[in-house]
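K.L.:
Next input, structure requested:
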Amino acid sequence: REILLLKRHTQELTGPRVYTQSELNSLMHAALGRAWDMYAGKVISDDPDYIGHLRLYYPAKYKGKTYIISGEIDCYNVATRTIYDFKLVSMAKAKRLEYDSIDYTRQLNGYAWLFRDGYLDPECTQKLSEHSTYEVHSLKLCVACRDFDIFQNSQDATTEIDIELHDIDETKRAYMLHLKKLVDWSDFPDDEIPYCSPEFRWEGKKTYPVFKKNKDGSIRKDARALPHTGNFQSEIEARQFILTREDASMLYYQERGGTPVKCESYCPLSGIVCKYLDTRRQLI
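P.N.:
Just a heads-up that it's a prediction; the model follows:
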């Protein structure tokens, strides 16, 4: 839905505008992310064990037309057969990615598929597999935290996170199905194009972290979750943890996640062309 509506309504979304603080933060973080990507690429550029910034292409045919699917791989380790993707995120998201990395699972598995079937040129005349024996045995996120100085005592500034490597043919089918939807829905009226999936709305799994009240029993607005509670997947898990503590009366848990983060803070269509948030509120 986002892709199709952006193509139709680009002019409505351009021109002079006042950016919200959230949008300004997003632009700044995007610039920092590009800087981190360039830095990491520079570090590995002279190392023969790594291949950096490799763009691959794949021709997909549907309804008599050819569509080019393309992706640029940040880094490939020749010795370990590992694809790396560099991300600059907040400490909170880095911690969350350790148990919920669905945001990037499809992306990295798409790279693995392109490594097997992709071409080195947009015309799709030079297949990668014909020029090399590269295979993919594992996928990893190389995550750096932009707010490390604030939380430097709680976790490392950089970390590697394993991403599950799916069956290549299953990944290919998922991408072909996505392309099919884009083509089939391209003639639908705006209000008949199905809403984006929870994955594309960045609706992460719900968690139930545990927090501690102030000495006077009040609750801090910027309270941080107690260690090892940020990944609790249910209210029962949070309650059981609290019951084992001597200070149980001073502890409480909150429901986090499960909200369409992209719709609320990052999608330029939200509230202007796409009314998903209004529909969601009515359903709730």
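K.L.:
any weak-confidence spans in this structure?
P.N.:
Applying pLDDT under 70 to the chain flags residues 12-27, 29, 33, 43, 148-157, 282-284.
K.L.:
Nearest the middle, which residue of it would you pick?
P.N.:
residue 103 (3.1 Å; Cα atoms, centre = their mean).
K.L.:
got the contact list for the closest residue to it other than its chain neighbours?
P.N.:
Closest residue to residue 103 apart from its sequence neighbours, by Cβ to Cβ, 6 or more residues apart in numbering: residue 202 at 6.5 Å. All C-beta atoms are positioned from the backbone trio N, CA, C, and that covers glycine. Taking Cβ atoms under 8 Å, 6 or more residues apart in numbering, we find residue 202 in contact with 103, 260-262, 266.
K.L.:
how much space is there between residue 202 and residue 102?
P.N.:
According to Cβ to Cβ, to the nearest Å, residue 202 stands 9 Å off from residue 102.
K.L.:
now residue 138
P.N.:
Relative to residue 102, and taking Cβ to Cβ, residue 138 is found at 18 Å.
K.L.:
pretty sure residue 5 belongs to a strand, no?
P.N.:
No. Applying DSSP: H, G, I helix; E, B strand; the rest coil, one finds residue 5 to be helix, outside a strand.
K.L.:
was I right about it contacting residue 194?
P.N.:
No. The criterion here is Cβ atoms under 8 Å, and residue 5 misses it with residue 194 at 11.7 Å.
K.L.:
can you give me the strands in the stretch 1-150 of the chain?
P.N.:
When secondary structure is read from DSSP state E, counting those that start in this stretch, the stretch 1-150 of the chain shows strands at 50-62, 65-77, 82-89, 138-145.
K.L.:
burial count for residue 165?
P.N.:
Neighbourhood size, residue 165 [other Cβ atoms under 10 Å]: 17.
K.L.:
In this structure it contacts residue 136, no?
P.N.:
Yes. Here residue 165 reaches residue 136: they are 6.9 Å apart, a contact under Cβ under 8 Å.
K.L.:
Are there residues contacting both of those two? Which ones?
P.N.:
residue 112.
K.L.:
List the contacts of the nearest residue to residue 185 once chain neighbours are set aside.
P.N.:
Computed as Cβ to Cβ, 6+ apart, the closest residue to residue 185 that is not its neighbour in sequence is residue 193, at 5.2 Å. Neighbouring residues of residue 193 by Cβ under 8 Å, 6+ apart: 1, 4-5, 185.
K.L.:
same thing with residue 101?
P.N.:
So residue 101 contacts 141, 161, 163 (Cβ under 8 Å, 6+ apart).
K.L.:
Leaving out the residues flanking it, which one is nearest to the first one?
P.N.:
What it means is residue 141. Counting by Cβ to Cβ, 6+ apart, residue 141 lies nearest to residue 161, which is 4.3 Å off, once chain neighbours are set aside.
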